[in-house]
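Peer 1: got a sequence here, can you build the structure:
(one chain, ligands or ions: 1)
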Amino acid sequence: MSELTGKVQTVLGLVDPDQLGRTMTHEHLTMSFEFTCFPPPQGDEAAAENPFQMQHMHWLRQNPYSCMENLKLKDETSAVREELLVYRKAGGGTIVENTTTGLDRDVKTLKQLAKDTGVHVIAGAGFYEGSTHTEATKRMSVEQLTDIIVSEILHGADGTDIRCGVIGEIASGWPITESENKVLKATAHAQAQLGCPVIIHPGRNRAAPAEIVRILQEAGGDISKTVMSHLDRTIFDEGELLEFAKLGSYLEYDLFGTEMLNYTFNTEVDMPSDSQRVKILAFLVKEGYEDNIVIAHDIHTKHRLTKYGGHGYSHILKNIVPKMLTRGISQHQVDKILIDNPKRWLTFK
Ligand SMILES: CCC(=O)NCCS(=O)(=O)O
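Peer 2: Model prediction:
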């Protein structure tokens, strides 16, 4: 038993799990994604330089990662503050903010946003994808990486006393690199010490989620306290999804609000629509996985903010929940997905 046992750790301190309310389990409130910038489609070079105006929004929705300006969510703290106030009004209580080292994590801003808006914010410990690992990170042993993650939860992140309440998003590409493998093992070791929640961003390959679960399990991780993110763009076959679900992690559909034809990160992938996402949730519920589902928007670019005509952090509460209720998911099951499952996951053992 530690002082964390039975509690949830927000950027403002420990809270009773019952205080969380409706929770988006995978969002970003401030981060940089400039390192992912892709060249625009041929002939569209000028479009990537367009100002953020209504007439350019359709292009941005189709090519979100080809406009450098779009990748600087960190410049939008005032807009995000306004959005969080709307989120509260819409019935939201908590946001899990998964920005880890490599994405320009800013826990001081998270703390200020939580104070200003009354939304519980839970910050993420650990490291993003291998391409963002510094040479020093790559040289570290699993033990050194574990110590850093544990310290971000017990003492504070980035030279502050602001403590993280979840490990992740811990990200890997495909195939998993040596450095990513060490970070995954360190994640499992830290989780075994602390009894804390973990959230994973798998590589964009259907084999990635199960491979990561295997690595975590072999290193002593607790899969029942682990969220597997981004299943919307990773596993498409229903049989494969059920095979993965049997492994016991939380199953996260977290790209609600994104509808794009050409998914630059993996052009083989047909990104589902929100209606298709709801259909998959209904399928998982029918198959008995209502206690494992969590959902979110994973906002990580500017164009998804309502300030720029995007869907914002309240889209699920305002638009997706009513749709779920018309597609065979009961209010009780919706409450499990938005309240009970996140609460159970986020509570330290
Ligand atoms: C930092 C945000 C992030 O990693 N988002 C992942 C989006 S996707 O891989 O699912 O397209």
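Peer 1: from here on, contacts and neighbour counts on C-alpha atoms
Peer 2: Fine.
Peer 1: residues in contact with stretch 283-302?
Peer 2: Stretch 283-302 is touched from outside by 24-31, 33, 64, 70-73, 76, 245, 248-258, 281, 305, 308, 312-313, 316, 329, 333, 336-338, 341-342, with contacts defined as C-alpha atoms under 8 Å, 6 or more residues apart in numbering.
Peer 1: may I see the buried residues of it?
Peer 2: 283-285, 289-302 (16 or more other C-alpha atoms under 10 Å).
Peer 1: so after the helix or strand hosting residue 81, what's the next helix or strand?
Peer 2: Residue 81 is part of helix 77-89 when elements are defined by DSSP states H and E. Heading C-terminal from helix 77-89, the first helix or strand you meet, by DSSP H and E, is strand 92-97.
Peer 1: same question for that following strand, mean pLDDT?
Peer 2: For strand 92-97, mean pLDDT is 98.
Peer 1: cool, and stretch 313-322?
Peer 2: Averaged across stretch 313-322, the pLDDT comes to 98.
Peer 1: and stretch 40-48, by the same measure?
Peer 2: Confidence for stretch 40-48, expressed as mean pLDDT, is 92.
Peer 1: residues of that stretch that come out buried?
Peer 2: Under the neighbour-count criterion of 16+ other C-alpha under 10 Å, stretch 40-48 has 40, 47-48 buried.
Peer 1: quick revisit: out of the buried residues of stretch 283-302, which sit inside strands?
Peer 2: Among the buried residues of stretch 283-302, the residues falling in strands (DSSP state E) are 293-295.
Peer 1: want to throw these into JSON lines with pLDDT and distance to residue 219?
Peer 2: What follows is those, written out as JSON lines (pLDDT from 0 to 100; distance: C-alpha to C-alpha, whole Å):
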{"residue": "293", "pLDDT": "99", "distance to residue 219": "24"}
{"residue": "294", "pLDDT": "99", "distance to residue 219": "25"}
{"residue": "295", "pLDDT": "99", "distance to residue 219": "27"}
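Peer 1: tell me the angle the helix holding residue 81 makes with strand 92-97.
Peer 2: With axes from the mean of the first three to the mean of the last three C-alpha atoms, to 10 degrees as the basis, helix 77-89 and strand 92-97 are set at 140 degrees to each other.
Peer 1: name the residues of stretch 27-35 that are buried.
Peer 2: For stretch 27-35, by 16+ other C-alpha under 10 Å, it's 27-34.
Peer 1: sorry, back to before: and the contacts of stretch 283-302, which are buried?
Peer 2: Restricting these to buried positions leaves 24-31, 33, 64, 70-73, 76, 245, 248-258, 281, 305, 312-313, 316, 329, 333, 336-338, 341-342, with burial counted as 16+ other C-alpha under 10 Å.
Peer 1: wait, a strand at residue 25?
Peer 2: Yes - under DSSP: H, G, I helix; E, B strand; the rest coil, residue 25 sits within a strand.
Peer 1: OK, contacts around it?
Peer 2: Counted by C-alpha under 8 Å, 6+ apart, residue 25 has contacts 95-97, 254, 294-296, 342.
Peer 1: and the furthest pair within those?
Peer 2: Within those, 97 and 294 form the most distant pair, 14.3 Å apart (C-alpha to C-alpha).
Peer 1: before we move on, back to that, can you redo the buried residues of stretch 27-35 as JSON lines with distance to residue 238, pLDDT and secondary structure?
Peer 2: JSON lines is the format used below for the buried residues of stretch 27-35 (distance: C-alpha to C-alpha, whole Å; pLDDT from 0 to 100; DSSP: H, G, I helix; E, B strand; the rest coil):
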{"residue": "27", "distance to residue 238": "26", "pLDDT": "99", "secondary structure": "strand"}
{"residue": "28", "distance to residue 238": "29", "pLDDT": "98", "secondary structure": "coil"}
{"residue": "29", "distance to residue 238": "32", "pLDDT": "98", "secondary structure": "coil"}
{"residue": "30", "distance to residue 238": "34", "pLDDT": "98", "secondary structure": "coil"}
{"residue": "31", "distance to residue 238": "33", "pLDDT": "98", "secondary structure": "coil"}
{"residue": "32", "distance to residue 238": "34", "pLDDT": "98", "secondary structure": "coil"}
{"residue": "33", "distance to residue 238": "31", "pLDDT": "97", "secondary structure": "coil"}
{"residue": "34", "distance to residue 238": "34", "pLDDT": "95", "secondary structure": "helix"}
